[in-house]
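**Student:** Sequence first, predicted model second:
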Amino acid sequence: MSAEQTLDEQSAAVPAPGDVLLEVNGLTKHFPVMGGFPFKRQVGAVQAVDGVSFDVREGESLGLVGESGCGKSTTGRLLTRLLEPTGGTVKYRGQDITHANRKQLAPIRSEIQMIFQDPYSSLNPRHTVGTIISGPMEINNINPPGGREARVRELLEIVGLNPEHYNRFPHEFSGGQRQRIGVARALALNPKLIIADEPVSALDVSIQAQVVNLLQGLQRELGIAFVFIAHDLSIVRHFSQRVAVMYLGKVVEIADRDSLYNKPRHPYTHALLSAAPDADPDTAANERIRLTGDVPSPLNPPSGCRFRTRCWKAQEKCATEEPPLIQLGGNVDGHLTACHFPEDGVAPGAKPADTIPAARLAKD
Amino acid sequence: MSTLTKSESIPAPEAGHAFLSVRDLQVRFRTEDGIVKAVNNLSFDLEQGKTLGIVGESGSGKSVSNLAVMGLHNPKNTTIEGSITLDGQDLLKASQKDLEKLRGNKMSMIFQDALAALSPYYTIGRQIAEPFMKHTGASKKEGRDRAIEMLRRVGIPQPQTRVDDFPHQFSGGMRQRAMIAMALVCDPQMLIADEPTTALDVTVQAQIIDLLKDLQQESGTSIIFITHDLGVIREIADDVLVMYAGRAVERGTMREVLKSSQHPYGWGLLSSIPRINASVDVPLMPIPGTPPSLLNPPSGCAFHPRCTYRELVVGDKCVTERPPLELANGHLSACHLTPAQKQSILTEQILPRLSS
C-alpha cells in the first residue's frame, strides 16, 4: 500500500498528458457460490476475472474485447468500484482504490464515470432528463457557475440533444437518444476516465455510428480516457488505440491497435479476427478458424492455459503450465501475448487461406 | 392441390422455381394510437435452395412480414392484404388448420432469443420431438430417436444424454442449435431465421452460419435470413432485400447490394459500419436522424427526412411522391435520383470511402 497519500494531494497534482491514469495489477474477482445443507457455505467460486493487469493513460482509449462471459464487464465494474475486487490492485493516479471505502471513493467517483450497455434500463423512467443528468452533481454537491440547470442544458447540447428536452422523460426518446442521455450523465462531472460497457451494441446499426462518433469527438476534444468494452472487433478497432483481448477472466493479448489487428500472435485473437464477418464481398474469403464448443465454465476453468480446450495447437505444456503475458520476440513494444505456441503474426485474410495451416506446421 | 404433388414429390432443389412468392403484402395493426402500417407493398420471391437476406433496422417490418408468412399474427387486430404463395398454395386464404399442418412441417422458423422461445418446463428432446410426432404421427420412442439424431446433426456433443436436458442447462450457442434442430426436425422446405445470431458472440455466430449453410446444402432448404448485420448477409445470402419503414427500398443479389448499392439508405448502412481492415482515421458516416414512426410515416419517400442526397432531386418529389421500386443500374431500388446520379454518387463518393 504505497498509496497512503491523502486525497487532497491527489486532486492537486495534474499529470502531464500521457501519464498513467489507471493502473491495474493482478485484478481478481471471484464470486462465491454458496450451497450445502443445512448451513450455506461456499462450495466454489466463479473466477470471473483472474489476474488482469493493464494500465490506461491520460486521454487514450483502451478496448476490451472478448466473448460473453470472459469477464470484460466485471472488469469494468471493478474499475469503477461498483464491485470490490477479491485480489490485486487498482490505482487511480497512484492512489490505491482497491479497497477504498465510500468516503475515500467519493472524490474519485466523480472522475471515473460509466456508460452502460442498455439505455432502456440504465435510466430511471420516473425521472426527467434534467434530474437524471444533474443527479451526479447533486450527489457530489457540485454547483457549477450559472447553476446546474444551465450545465445540464449545455451537456444536452454537447451530446447532440435539444436543450429544450430538459423536462422530458426517458420514454419519450429513442434508443440512440437515450444512450446520448447516458453519455451526458457520464460527462456531468468532467470525468477523466469513462468506462463504456458495450455502449452501442443495443442500438440500431444506423445509430451506432452516431454514438461512436460522439464518443470519439468527446475523447478528442475533452481528452477523456476511455475503457471501451465491446464484443465487436471492428468497432473496437475504430475506437481504441490499444486493445486487450480477454478470455475466461484473463488477458491473453494486449497491444496497439495496428499490431494486434495486423500481427496477432495468440491463437484466440486469430480465431476472433477470422470469425468477424466483413461486408465486402471482394475480401478474399479467408479460411475461417472454426472454434468448436463453448467457453468453458469459469467455475472450474481448465488448468494451465485456459484456451487450450478449444485451441488447435494445444500440447501437454499448455495443460500444466500457465503461459505468462510477455512480449514475444518480433513484437513491437507493448504487444504482450500469453501463449506457449504463438502464431507467426499474420492477420487472417492478409494472405491466402493456406497461411494458417502452414504456420501451425512450422511451429509444432 | 393437384399442382402441388409434382413439386412435393421432388425434394431436390429446382433452380429458377419461385418456391415462396409474396406479392403486395400489406400488414396493418390496429393499436390504441391508431393504425400501424407495418408492411406496405412488399413483394419478393424465394427460390428452392436459395437464401434471401432481409436487412433493415428495428421497426422496418422485416420480422412482421415473415410472421405474416408463417401466419403467426393475431387475427383480431391485424389486417393482412396481398398474397403469399408457398409452393402454389395461398397462405392468406388457408385456414388455421391448414396452416397448422404447414408450420413446423413445410415451413419453420428460428427466433432470435432462444431462451425465450424454448419452454423452460420441457426437456430439449421433448420440444424437438413434438412437431415431428405431430406431423408424422410417430411414437414417443421414434420422436426421441429423431431428436437425438437432430441434435447430432446440429453438432451438440453427447446427444444421447443432452436430449434429456432442460434449456437452462444449455449455453446460448447450444440453445440456438437446439432451436435449429427443432425447426429442421421435419425437413422443412423453407426456413425463416429471424436474427438467429444477433445475441451470439462472433465465434458462435460463425458456427451457426456454417451450420445453416451445411444443412442447406444437405437438404436444399430455402432460407429467409433476417439480420441487420451486413457482414452476416455477405456470408450467407444469395439475394438481399433492404427494408425501410415497412417497404422494400432495394432488392438484388448479395453482390449487387453490397458492392453497388443504388439507394441512399444502403449507402448509409455501408458507410456507418466500421470495416475491420479500413483506415481508422476516416470517421464513420452515420445516417442522421432516427427511424420514422410507422403510425405516421413521412410523406413521399419515407427516407427523405434522413436523406443527404435530397437536394439533388429536382423539385420536392421526395416529399410528395413515393418512388417506385424500379430497375436502376442492374437491380431494383426505390429512389428518385436518376440512375446516372446514383452511379456517379456511388463511384465518386461511396466506394472510395469504403475502400480507403
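**Tutor:** Happy to help now that I have it. Values in this document were obtained by computation on a predicted structure and should not be read as measured data.

**Student:** which one is the closest residue to chain A within chain B nearest to, not counting chain neighbours?
**Tutor:** For chain B, the residue closest to chain A is B:Gly231, as judged by Cβ to the nearest Cβ, at 2.8 Å. From N, CA and C alone the C-beta is placed, and that goes for glycine too. Nearest non-adjacent residue to B:Gly231, counting by Cβ to Cβ, 6 or more residues apart in numbering or on different chains: A:Pro277, 2.8 Å away.

**Student:** same thing with B:Ser65?
**Tutor:** Computed as Cβ to Cβ, 6+ apart, the closest residue to B:Ser65 that is not its neighbour in sequence is B:Val39, at 4.7 Å.

**Student:** quick one: pLDDT of the one you found?
**Tutor:** With respect to pLDDT, B:Val39 scores 92.

**Student:** in a helix, that's where B:Glu100 is, yeah?
**Tutor:** Yes: under DSSP: H, G, I helix; E, B strand; the rest coil, B:Glu100 sits within a helix.

**Student:** burial measure for the residue lying closest to A:Pro125 once chain neighbours are set aside, as a count.
**Tutor:** Once flanking residues are discounted, A:Pro125 sits nearest to A:Pro170: 5.7 Å by Cβ to Cβ, 6+ apart. Counted by other Cβ atoms under 10 Å in any protein chain shown, the residues lying close to A:Pro170 total 20.

**Student:** Break chain B down into its structural domains.
**Tutor:** Following automatic domain parsing, chain B resolves into domains at B:120-185, B:257-355.

**Student:** Just send those domains back as a markdown table, with mean pLDDT, mean neighbour count and distance to A:Tyr247 too.
**Tutor:** Shown next, in a markdown table, are the domains of chain B (pLDDT from 0 to 100; neighbours: other Cβ atoms under 10 Å in any protein chain shown; distance: least, Cβ to Cβ, whole Å):
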| stretch | mean pLDDT | mean neighbour count | distance to A:Tyr247 |
| --- | --- | --- | --- |
| domain B:120-185 | 91 | 19 | 15 |
| domain B:257-355 | 87 | 18 | 19 |
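
**Student:** circling back: assumed the residue nearest to B:Ser65 was part of a helix.
**Tutor:** No: applying three-state DSSP, one finds B:Val39 to be strand, outside a helix.

**Student:** Can you give me every residue that contacts the residue nearest to B:Pro324 when sequence neighbours are not counted?
**Tutor:** Counting by Cβ to Cβ, 6+ apart, B:Pro324 lies nearest to B:Ala334, which is 6.3 Å off, once chain neighbours are set aside. Shown in contact with B:Ala334 (Cβ atoms under 8 Å, 6 or more residues apart in numbering or on different chains): B:Arg247, B:Ala248, B:Val249, B:Glu250, B:His263, B:Cys301, B:Arg322, B:Pro323, B:Pro324, B:Leu325, B:Glu326.

**Student:** For the fourth one, give me its contacts.
**Tutor:** Taking Cβ under 8 Å, 6+ apart as the definition of contact, the neighbours of B:Glu250 are B:240-242, B:257, B:261-263, B:265-266, B:331-334.

**Student:** Return the closest of the residues you listed with respect to B:Pro159.
**Tutor:** B:Val240 (34.7 Å; Cβ to Cβ).

**Student:** so the closest one is in which element?
**Tutor:** Taking DSSP states H and E as the criterion, B:Val240 maps to strand B:239-244.

**Student:** how far is that strand from where the chain is centred?
**Tutor:** Chain-centre distance of strand B:239-244: 9 Å, with Cα atoms, centre = their mean, to the nearest Å.

**Student:** Direction included, what does that strand pair against?
**Tutor:** strand B:51-55 (parallel), strand B:247-253 (antiparallel) (DSSP bridges).

**Student:** Could you export the ones you listed as TSV, including mean pLDDT and distance to A:Leu155?
**Tutor:** Putting the strands paired with strand B:239-244 into TSV (pLDDT from 0 to 100; distance: least, Cβ to Cβ, whole Å) gives the following:
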stretch	mean pLDDT	distance to A:Leu155
strand B:51-55	94	34
strand B:247-253	93	36
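
**Student:** of those, which approaches A:Leu291 most closely?
**Tutor:** Closest of the strands paired with strand B:239-244 to A:Leu291 is strand B:51-55, at 23.4 Å (criterion: Cβ to Cβ).

**Student:** Residue 97: neighbour count?
**Tutor:** Reading this off chain A. For A:Ile97, using other Cβ under 10 Å, the count is 22.

**Student:** Hmm, no, I was thinking of chain B.
**Tutor:** 7.

**Student:** Kindly provide the distance from the residue of the stretch 201-350 of chain A found nearest chain B to B:Arg353.
**Tutor:** Closest approach between the stretch 201-350 of chain A and chain B, counting by Cβ to the nearest Cβ: A:Pro277, at 2.8 Å. Distance of A:Pro277 to B:Arg353, given as Cβ to Cβ, to the nearest Å: 19 Å.

**Student:** in the longest helix seen in chain B, what counts as buried?
**Tutor:** Longest helix in chain B, counting residues (DSSP state H): helix B:202-219. For helix B:202-219, the neighbour count (16 or more other Cβ atoms under 10 Å in any protein chain shown) marks B:202-209, B:211-212, B:215-216, B:219 as buried.

**Student:** next one: stretch A:170-185
**Tutor:** A:170, A:173-185.

**Student:** chain center to it, what's the gap?
**Tutor:** 21 Å.

**Student:** quick one: contacts for B:Ile148?
**Tutor:** B:Gly125, B:Pro159, B:Gln160, B:Val163.

**Student:** Show the backbone phi and psi for the nearest residue to it once chain neighbours are set aside.
**Tutor:** Excluding the flanking residues, the one nearest B:Ile148 by Cβ to Cβ, 6+ apart is B:Pro159, at 4.7 Å. Here is the backbone geometry of B:Pro159 (degrees, to the nearest 10): phi -60, psi -30.

**Student:** in chain A, which residue is closest to the centre?
**Tutor:** Ranked by distance to the mean C-alpha position of chain A (Cα atoms, centre = their mean), the top residue is A:Ile229 at 3.2 Å.

**Student:** check contacts around that one.
**Tutor:** For A:Ile229, the contacting residues are A:Gly63, A:Leu64, A:Lys72, A:Ser73, A:Thr75, A:Gly76, A:Ile195, A:Ala196, A:Asp197, A:Glu198, by Cβ under 8 Å, 6+ apart.

**Student:** Then A:Glu157?
**Tutor:** Residues in contact with A:Glu157, defined by Cβ under 8 Å, 6+ apart, are A:Pro163.

**Student:** And the helix or strand encompassing it, what's buried?
**Tutor:** A:Glu157 belongs to helix A:148-158 when assigned by DSSP H and E. Across helix A:148-158, burial judged by 16+ other Cβ under 10 Å covers A:Arg148, A:Arg151, A:Val152, A:Arg153, A:Leu155, A:Leu156, A:Ile158.
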